[in-house]
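Visitor: A structural model of the following input is requested.
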Amino acid sequence: MYHAVAADPNDATRALSVTPEAFDEQMAVIADRGLTPVGTAELAAAWRSGRPLPKRPVLITFDDGYEGVHRHALPALAEHGFPATLFVSTGWLRGPYDTGGALDTMLDWDQVRELAAAGVEIGGHSHTHPQLDQLGAERLRYELIHCKEIVADQLGAVPVSFAYPYGYSDRRVRRAVRETGYAQALAVGNDLARRAQGPYALRRVTVRRCTGSDEFARLIEGRAIARTFARDRALTKGYAVLRGARRVRGRVLGSGA
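Guide: Below is the predicted model:
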């Protein structure tokens, strides 16, 4: 799971960005190790049907829609002939639907169309990038449906894959994603994706600016993932309790209004 690919990102995106040089090196490592990148829809379809996946499959994904995915990542992907998936927050992209909430320089719709034409799968990532598990039913449906409709309108193809903003979801959110028509969805979890997770809770590992070459090699080999992300998992568990308490408090306040 990537976010920004940028030489000089701003403070808001720096930790979850990688340099163009690091991204080039990481794609070369994937090629040298004999891994086979696949698209999100291809992965989910193979697991649904029971068809075998290619040898040593790996999924390359980008969240949000930062401009460097087109400027820097696309040439590296094209050099190796790698497919990838870009999950866009439609209200963050430059153009007619821009809500002004983006964290850094984002793609515009012409660039998204060029990525799609180059074989990058375009998926949904909500409209304004909220914590979906904190939203009421009406706002949740708006975020999912508006995102899907905008992508379909701009690209002429309905998105079939979704990624949860911040990786947050619960049973209610996953059901809403399914009912909106997305065929599969990705979380974070910092673990390997496995068929047993189901098509609406597939996990990914985070690549950051501090991810060195040795660590990246271990991640794509599936080694030492639990140790690498031990702190992340502890924080995630603690924050899940906090978010659950917020939801309960919200329901109580709502019922008393």
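Visitor: check contacts around G189.
Guide: Neighbouring residues of G189 by Cβ atoms under 8 Å, 6 or more residues apart in numbering: G167, A201, R203, R204. (Each C-beta comes from the backbone N, C-alpha and C, glycine too.)
Visitor: cool, and A22?
Guide: Listed by Cβ under 8 Å, 6+ apart, the contact partners of A22 are R209, T211.
Visitor: name the nearest residue to Q111, sequence neighbours excluded.
Guide: Excluding the flanking residues, the one nearest Q111 by Cβ to Cβ, 6 or more residues apart in numbering is H70, at 4.2 Å.
Visitor: residues touching that neighbour, list them.
Guide: L107, Q111, V112, E114, L115.
Visitor: helix, strand or coil for it?
Guide: Three-state call for H70 (DSSP: H, G, I helix; E, B strand; the rest coil): helix.
Visitor: and it, how far from A4?
Guide: 12 Å (Cβ to Cβ, to the nearest Å).
Visitor: and if you look at L219?
Guide: 18 Å.
Visitor: and if you look at W47?
Guide: To A4, W47 is 29 Å away according to Cβ to Cβ.
Visitor: the two: which is more packed in?
Guide: Neighbours were counted for W47 and for A4 using other Cβ atoms under 10 Å; A4 has more, 29 against 19.
Visitor: and the more buried one, backbone torsions?
Guide: Per-residue torsions, A4: phi -80, psi 140 (degrees, to the nearest 10).
Visitor: and the helices in the chain?
Guide: Secondary structure of the chain (DSSP state H): helices located at 20-32, 40-49, 68, 74-80, 109-117, 137-155, 171-180, 213-220, 225-228, 230-256.
Visitor: could you dump those into CSV with distance to G95 and mean pLDDT added?
Guide: Below are the helices of the chain laid out as CSV (distance: least, Cβ to Cβ, whole Å; pLDDT from 0 to 100):
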stretch, distance to G95, mean pLDDT
helix 20-32, 24, 98
helix 40-49, 24, 95
helix 68, 17, 98
helix 74-80, 19, 98
helix 109-117, 5, 98
helix 137-155, 8, 98
helix 171-180, 22, 98
helix 213-220, 33, 92
helix 225-228, 37, 80
helix 230-256, 31, 51
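Visitor: dump these into JSON lines; add distance to H127 as well.
Guide: Below are the helices of the chain laid out as JSON lines (distance: least, Cβ to Cβ, whole Å):
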{"stretch": "helix 20-32", "distance to H127": "27"}
{"stretch": "helix 40-49", "distance to H127": "19"}
{"stretch": "helix 68", "distance to H127": "22"}
{"stretch": "helix 74-80", "distance to H127": "24"}
{"stretch": "helix 109-117", "distance to H127": "14"}
{"stretch": "helix 137-155", "distance to H127": "5"}
{"stretch": "helix 171-180", "distance to H127": "12"}
{"stretch": "helix 213-220", "distance to H127": "31"}
{"stretch": "helix 225-228", "distance to H127": "32"}
{"stretch": "helix 230-256", "distance to H127": "20"}
